[in-house]
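Undergrad: I would like to see how this sequence folds:
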Amino acid sequence: QVQLVESGGGLVPAGGSLRLSCAASGRTFTTLTMGWFRQALGKEREFVAAARWSSGSTYITDYADSVKGRFTMSRDNPENTVYLQMNSLKPEDTAVYYCVAGRTIQVMAAVTYDYWGQGTQVTVSS
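TA: A predicted model of the protein is given here:
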């Protein structure tokens with residue numbers, strides 16, 4: 001079992017930045033795929049970013065096209081924590097952001113993740 005706790009959401013003006021954190025506990029963290037999804041009001045849940053273990057200490061990070069160049073995902077394995085640095089935020093980034101974990105290589109498919117955090121609200125004002 002893995003528990004995920006997100007933090008760092010809030011209200012920010014367009015063009016601003018936020019950093020989300022996700023602390024994981026419960027089992028081996030190093031080889032788990034960790035990711036972020038988001039869901040805006042009235043819309044489908046969508047993939048944001050994920051980092052999957054490749055080999056040794058190498059991870060492959062993927063991003064949704066809508067956030068490439070603005071968002072950066074990172075992992076701190078000793079702290080069992082992942083981060084999502086969000087820069088140049090836009091009103092369309094407004095959503096509840098969920099941290100996810102699982103043993104998956106289909107990183108963009110929400111159904112392949114076994115564990116979900118409770119979500120944290122990000123609101124970008126125009």
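Undergrad: now the spatially most central residue of the chain: closest residue in space that isn't a chain neighbour?
TA: Centrality entry for the chain: nearest residue to the mean C-alpha point is Trp36, 2.3 Å, by Cα atoms, centre = their mean. Of all residues not flanking Trp36 in the chain, Val48 sits nearest, at 4.2 Å (Cβ to Cβ, 6 or more residues apart in numbering). (C-beta placed from N, C-alpha, C; glycine too.)
Undergrad: can I assume Val12 is in contact with Ser125?
TA: Yes: the pair Val12 / Ser125 is scored as a contact, 7.4 Å apart, by Cβ atoms under 8 Å.
Undergrad: more crowded one of these two?
TA: Counting neighbours by other Cβ atoms under 10 Å for Val12 and for Ser125 shows that Val12 has the greater number, 17 against 11.
Undergrad: list the buried residues in the strand or helix carrying that one.
TA: Element membership for Val12 (DSSP states H and E) is strand 10-13. Neighbour-count burial for strand 10-13, counted by 16 or more other Cβ atoms under 10 Å, picks out Val12.
Undergrad: against which helices or strands is it packed?
TA: Counting contacts by 3 or more Cβ pairs under 8 Å, 6 or more residues apart in numbering; DSSP states H and E, strand 10-13 is packed against strand 120-125.
Undergrad: ok, the closest residue in space to Leu4 that isn't next to it in sequence - contacts?
TA: For Leu4, ignoring the flanking residues on the chain, the nearest one in space by Cβ to Cβ, 6+ apart is Gly117 at 3.7 Å. Residues in contact with Gly117 (Cβ atoms under 8 Å, 6 or more residues apart in numbering) are Leu4, Val5, Glu6, Cys22, Tyr98, Cys99, Val100.
Undergrad: which one of those is nearest Gln121?
TA: Distances from Gln121 to the contacts of Gly117, taken as Cβ to Cβ, are shortest for Glu6 (9.9 Å).
Undergrad: that's a helix at the closest one, yeah?
TA: No: assessed with DSSP: H, G, I helix; E, B strand; the rest coil, Glu6 is strand; it does not lie in a helix.
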